[in-house]
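Engineer: no FASTA, just this:
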């Protein structure tokens, strides 16, 4: 018996899981606010390097369409200013 937890040594669930519930299926649809993603796989933001003058280009759109068409549930843009004042460079 562990003096700090009151459980038998080695009886904790693998991976540090303590709630006894299974992890969600990463391939099942998931709600994110008002939208439903087709799965829980998310392409993290990366520096695409295809935005001259900080403007959205066809190349940027195509870059993000490729993983979406491949099955990713969501893809995120690395940096986006909603107005010229939000840009980090002029």
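Structural biologist: Received it, and whenever you're ready, just let me know what you need. Remember, it's a predicted structure, so these values are computed and weren't measured experimentally.
Engineer: state the phi and psi torsions of the most centrally placed residue in the chain.
Structural biologist: Nearest to the mean C-alpha position of the chain, by CA atoms, centre = their mean, lies residue 42 at 3.7 Å. Torsion angles at residue 42 (phi, psi; degrees, to the nearest 10) stand at phi -120, psi 130.
Engineer: now swap in residue 65 and tell me
Structural biologist: Here is the backbone geometry of residue 65 (degrees, to the nearest 10): phi -70, psi -30.
Engineer: next, count neighbours for it.
Structural biologist: By other CB atoms under 10 Å, 11 other residues sit near residue 65. C-beta: built from backbone N, CA, C; applies to glycine.
Engineer: which ones are touching the residue nearest to the centre of the chain?
Structural biologist: 72, 73, 74, 75, 76 (CB atoms under 8 Å, 6 or more residues apart in numbering).
Engineer: swap in residue 28?
Structural biologist: Counting by CB under 8 Å, 6+ apart, residue 28 has contacts 39, 40.
Engineer: for residue 42, see how far away it is.
Structural biologist: 14 Å (CB to CB, to the nearest Å).
Engineer: understood, closing this out.
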